[in-house]
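1. return atomic coordinates for the entry below.
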Amino acid sequence: MKENIIINQLPTRTWNRLGVNETALPWNIAETTDLGSDTVTAPQAEPVRFDIQGEGDYSCRTIQIEAPAKTSVTVFEIFHADRALAVDTKITAGESSVVRLIQISDTEEGSTLKNHVKSDCEANSRIELIQIIAGKGDFYSDSYCALRGDGSSLKADIGYLGRKEQIIDLNLAVDQFGKKTESEINASGALKDSARKIFRGTIDFKKGSAGSVGNEQETVLMLGDDVSNKTVPLILCAEENVVGNHGATIGSLDDETLFYFESRGIGKETAEDILARAALERLARAAGDSEALAIVEKQLGGTENV
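-> Residues are numbered from 1 along each chain as shown. Reported below is the predicted structural model:
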């Protein structure tokens, strides 16, 4: 029997009529197949890869990433699903460690992916998170990072392409506890057809986080009259000596850009498709992995299939 799981909650609520405070996701907990858990312990000389394939109508998998002091590790998580899959990733970054997590959705239309990432950073540690939402299924992601140690940092890059009636529902929250911590959140993507997207980005400067910096930015390309976009940047502050910035650029293909493409013999529809692919392809290349790029190219296909 399905019941609603409450996910992607804003730390500070706003008007309910906006529909961004939280998401109620129908899920059959009793019939969820447990796919088990794995632990990755740094250091690892080569990237560690998990191809996570859903089983049955509902399934779940847990990944634990542990980086002791002064170690580093890169982990790829590739999500394959044609029904409902939940993945829970927990990261512990010890002092002066570096954890790089690349998540790529390779899901089918009509599927549901529930992604959860929770990370803790000690002094001078760093987490780099890349999320490439290339799949055609609905994507729900709830990510949290606690920058507990002085000098710890998070860099998060998210790319997406919403198509048809796809839902992309994102929540990323950073609590900055330590002194001179840094957070950088960048989200970029395009929406086509009747796709719906919510992005909630929260940076919370806690008391004692003096000298800390936080920046968040989202760029959204709207490629249809029926798409729906909600961008919710939020900065909370209990400390005076901090710097926080947030911004969003939301719009359609402007005349100047369209003229640039047309002057090179590229029509509007093809130009929109090229720009829609851009964020995903950029992040796939930044991941530095040929398999990741191949998955993105497979999901996007030719421009006529975007």
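
2. wait, Ala86 touches Thr62, no?
-> No - using CB atoms under 8 Å, Ala86 makes no contact with Thr62, being 9.3 Å away. C-beta: built from backbone N, CA, C; applies to glycine.

3. the two: who's more crowded?
-> Neighbour count, other CB atoms under 10 Å: between Ala86 and Thr62, Ala86 has more, with 23 against 16.

4. who does that one form a beta bridge with?
-> The residues listed as beta-bridge partners of Ala86 by DSSP bridges are Cys60, Lys114.

5. quick one: contacts for it?
-> Ala86 is in contact with Trp27, Thr32, Tyr58, Ser59, Cys60, Arg61, Leu113, Lys114, Asn115, His116, counting by CB atoms under 8 Å, 6 or more residues apart in numbering.

6. grab the nearest non-local neighbour of Leu223.
-> Leaving aside its sequence neighbours, Leu223 sits nearest to Lys192 (CB to CB, 6 or more residues apart in numbering; 4.7 Å).

7. list the contacts of the one you found.
-> Lys192 neighbours (CB under 8 Å, 6+ apart): Leu161, Gly162, Arg163, Lys164, Leu223, Gly224, Val227, Glu272, Ala276, Val306.

8. how does it look with 7 Å?
-> Lys192 is in contact with Gly162, Arg163, Leu223, Gly224, Val227, Ala276, counting by CB atoms under 7 Å, 6 or more residues apart in numbering.

9. out of those residues, what pair is the most spread apart?
-> Maximum pairwise distance in those, criterion CB to CB, is 11.4 Å, between Val227 and Ala276.

10. before we move on, back to that, which of the contacts of Ala86 lies closest to Cys145?
-> Of all these, Cys145 sits closest to His116, with 12.4 Å by CB to CB.

11. ok, longest helix in the protein?
-> When the chain is scanned for its longest helix (criterion: DSSP state H), the result is helix 268-286.
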